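>>> Below is the sequence, then the predicted model.
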Amino acid sequence: METTHALWLLAIPVCALMVAAGARRFGLSAPLVLVIAGLGFSFVPGVPEFELDPEFVLYVFLPPLLFSAAWNSSFANLRENAWSIGLLSIGLVLFTTFAVGYAAYLLVPGLPLAAACVLGAIVAPPDAVAAVSVAQRLGLPRRTVTVLVGESLFNDATALTAFRVALIAATGAGFTLVDGVWRFLFAAAAGTAVGLLLGPPLHWLRTRLDDPLVENGVVLVAPFAAYLIAESVHASGVIAVVVSGLYLGNRETESAAVTRLIGHSFWKVMVFVLESVVFLLIGLQLPPVIDGLSGWRWQELAWWAIAVFAVTVAARFAWVFPAAQLSRLLSRRERARGKVGRRGMVVVSWAGMRGVVSLAAAFAIPFADDGRPFPGRDVILFLTFTTVLGTLLIQGLTFPALIRALGIAGDRERYSDTVAEAGAQHAAAQAALERLEELNAAERLDDSVVERLRQLTEQRQLRAWERLGGGTGPEGEEVPTATYRRLRREMLQAERRVFVRMRDERRIDDEVLTRVMHELDLEEVALNRD
């Protein structure tokens with residue numbers, strides 16, 4: 001029996017990766033396809049129930065996903081949009097908590113207001129993974145993507161704190177509004193302190209190890225350490241992870257090149273696997289959710305699910321538009337950057353897909369407290385599942401069409417980025433050439449070596465300018481650097497075939513093959529950068 005259970009546990013990531021690979025192959029949104037696949041698998045006879053373990057999600061899945069998002073985020077961009085992000089990650093979460101809570105209180109007979117606010121806090125935080133993946137693929141403006149990412153980084157902290165406060169109030173464990181505010185402020189401040197205290201020593205350690213594998217091992221431990229330390233002192237583990245991730249990520253340039261190459265590849269793979277498993281698990285939660293609903297009428301449940309979903313979506317629209325105006329009034333920096341525009345606010349409003357954190361919080365509701373069952377636990381779990389599912393499928397599936405219909409794209413922004421990159425490449429190349437001349441004058445270098453380095457620098461200097469034309473000249477002809485990359489790739493393939501043949505003939509060892517293939521791969525990665 002234990003072997004069978006282990007095989008099913010292995011089947012989850014295997015199926016998740018297969019479905020995600022198929023979705024990527026056909027240009028579909030992998031998170032949405034995984035949720036649908038999970039729903040389909042839950043109806044297959046013989047498939048066991050996989051009920052989410054809240055602690056497993058919050059302590060194993062959440063820290064690395066948040067840390068990776070923070071690591072790859074721009075602190076400068078987040079700071080420039082701080083008011084917009086704060087109004088969404090704090091203000092909108094609290095507004096949604098009370099809006100959904102009061103609606104559920106009016107709809108569900110016998111559900112206390114405090115228990116209804118537990119539901120509100122659970123469904124309040126959007127998970128921007130699905131929205132951001134679509135937004136980046138379709139080329140939304142950077143400011144919109146930054147706001148969505150920033151919201152997703154910090155809103156879990158607000159929602160989980162609100163959830164705990166509402167849970168205490170619902171169980172009657174002596175609660176006041178002042179207690180709730182104090183808990184939130186302490187959790188946020190202490191979580192920030194933990195992240196800031198953990199980041200500098202970890203960065204100091206990384207820069208002195210001089211071992212790429214160990215350095216990346218330190219980074220892997222960081223999110224779990226930040227989360228566990230913060231939660232142990234009743235601070236916000238989410239904020240601790242995000243702050244430490246932002247600190248270390250913005251100092252990544254001080255690491256060695258090989259450390260960065262290994263780290264980028266590692267985190268891409270880890271996030272891909274974790275997100276694939278998480279979204280498949282969301283779909284697989286249907287059976288355990290349905291199990292507790294035997295005493296309820298399905299007509300009423302369906303009506304409540306539709307109403308809670310509608311209020312959740314409407315609350316975001318009701319908040320985003322005035323909040324956008326308020327952020328411009330409060331922030332001179334945001335006023336200087338101009339209005340977001342109504343179409344941009346519609347996109348942000350519709351990008352409110354919920355995710356696994358909501359389900360984990362719902363499953364964390366205790367079955368009983370002091371012998372008394374938690375009021376409406378089964379209904380809250382059902383309404384959470386339907387809201388998560390509704391936002392992922394209805395909003396997620398229509399999100400790309402909405403972006404295209406509104407005609408929002410960051411084409412001009414990408415053009416400006418390329419122009420700015422070309423200017424930076426020019427300045428950097430000039431500095432490199434000047435340094436080469438200084439070294440040549442001091443050391444009297446071989447002329448062939450100097451000329452080769454000069455040509456390499458000039459080629460890199462031209463790449464960004466040539467990319468403005470899509471790799472072609474004014475008459476559609478292939479530009480020299482594009483020709484160079486194409487021919488060099490062919491030469492690399494010829495070299496690989498020789499090395500593999502010599503390995504097969506046992507003229508070189510596999511260890512030698514691994515080393516030379518790695519060198520060729522690094523060169524090809526550099527060629528394929530554009």
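Good, I have the coordinates. Treat the numbers as computed from the prediction; the structure is a model and nothing was measured.
>>> what's the burial count for W83?
Other residues within reach of W83 by the criterion other Cβ atoms under 10 Å amount to 18. (C-beta placed from N, C-alpha, C; glycine too.)
>>> So what touches the helix or strand hosting it?
Using DSSP states H and E, W83 falls within helix 82-86. The contact list for helix 82-86 (Cβ atoms under 8 Å, 6 or more residues apart in numbering) reads 78, 146-147, 150-151, 154, 323-324, 326-327, 330-331, 334, 340.
>>> what do you get if the cut-off is 6 Å, keeping everything else the same?
V147, G150, E151, S327, L330, S331 (Cβ atoms under 6 Å, 6 or more residues apart in numbering).
>>> can you pull the buried residues of that helix?
Buried residues in helix 82-86, defined by neighbour count with 16 or more other Cβ atoms under 10 Å: A82, W83, S84, I85, G86.
>>> Farthest-apart pair in the contacts of helix 82-86, please.
Farthest pair in the contacts of helix 82-86 (Cβ to Cβ) is E151 and L330. Separation: 16.7 Å.
>>> Who has more neighbours out of the two?
E151 (27 against 15).
>>> What sits closest to that one if chain neighbours are left out?
Counting by Cβ to Cβ, 6 or more residues apart in numbering, L88 is the residue found nearest to E151 once chain neighbours are left out, at 4.3 Å.
>>> Low-confidence ranges, the stretch 1-150 of the chain, go.
Residue ranges of the stretch 1-150 of the chain with pLDDT under 70: 1-5, 128-139.
>>> Let me see the contact set for H203.
By Cβ under 6 Å, 6+ apart, the contact list for H203 reads L248, R251.
>>> how much space between it and T253?
11 Å (Cβ to Cβ, to the nearest Å).
>>> And G91, by the same measure?
Distance from G91 to T253, counting by Cβ to Cβ: 34 Å.
>>> Tell me which stretches of the stretch 351-500 of the chain form helices.
Along the stretch 351-500 of the chain, the stretches classed as helices by DSSP state H, counting those that start in this stretch are 356-363, 377-390, 396-406, 411-443, 447-467, 480-504.
>>> Deepest-packed of those, please.
Counting by mean count of other Cβ atoms under 10 Å, helix 356-363 has the highest mean neighbour count of the helices of the stretch 351-500 of the chain, with a mean of 26.
>>> Quick one: residues in contact with it.
Helix 356-363 has contacts (Cβ under 6 Å, 6+ apart) with 52, 54, 57-58, 122-123, 156, 163, 278, 282, 381, 384, 388.
>>> More neighbours: G91 and T253, which one.
A direct count of neighbours by other Cβ under 10 Å for G91 and T253 places G91 higher, at 15 against 7.
>>> Roughly how far does the closest residue to the more buried one other than its chain neighbours sit from Y102?
The shortest distance from G91 to any non-neighbouring residue, by Cβ to Cβ, 6+ apart, is to A323 (6.4 Å). Counting by Cβ to Cβ, the gap from A323 to Y102 is 20 Å.
>>> Of the two, which one has the most company?
Per other Cβ under 10 Å, whichever of A323 and Y102 has more neighbours is A323, with 20 against 15.
>>> Mind telling me what element that one is part of?
If you go by DSSP H and E, A323 is part of helix 298-330.
>>> tell me what that helix is packed against?
With contacts defined as 3 or more Cβ pairs under 6 Å, 6 or more residues apart in numbering; DSSP states H and E, the packing partners of helix 298-330 are helix 82-86, helix 93-107, helix 332-336, helix 342-350, helix 377-390.
>>> quick one: buried residues of that helix?
Buried, per 16+ other Cβ under 10 Å, within helix 298-330: 301, 304-305, 307-309, 311-313, 315-316, 318-321, 323-324, 327-328.
>>> where in the protein is pLDDT low?
Applying pLDDT under 70 to the chain flags residues 1-5, 128-139, 172-177, 335-340, 367-373, 409-426, 429, 459-481, 528-530.
>>> how many neighbours does the closest residue to P126 other than its chain neighbours have?
Spatially, and ignoring its direct neighbours in sequence, P126 is nearest to G352 (4.4 Å; Cβ to Cβ, 6+ apart). Using other Cβ under 10 Å, the number of residues around G352 comes to 26.
>>> could you check the distance from G352 over to F399?
Distance of G352 to F399, computed by Cβ to Cβ: 10 Å.
>>> got a list of contacts for stretch 33-42?
Stretch 33-42 is touched from outside by V19, A23, V47, F279, L280, I282, G283, L284, L286, P287, L392, with contacts defined as Cβ under 6 Å, 6+ apart.
>>> go with 8 Å
With Cβ under 8 Å, 6+ apart as the criterion, stretch 33-42 contacts 15-16, 19-20, 22-23, 47, 276, 279-287, 389, 392-393.
>>> I'd assumed W8 was in contact with P48.
Yes - at 5.8 Å, P48 counts as touching W8 under the criterion of Cβ atoms under 8 Å.
>>> for the nearest residue to A103 once chain neighbours are set aside, what are its contacts?
Spatial nearest neighbour of A103, excluding adjacent residues (Cβ to Cβ, 6+ apart): V311 at 4.4 Å. By Cβ under 8 Å, 6+ apart, the contact list for V311 reads A99, V100, A103.
>>> Tell me how far V311 lies from M491.
62 Å.
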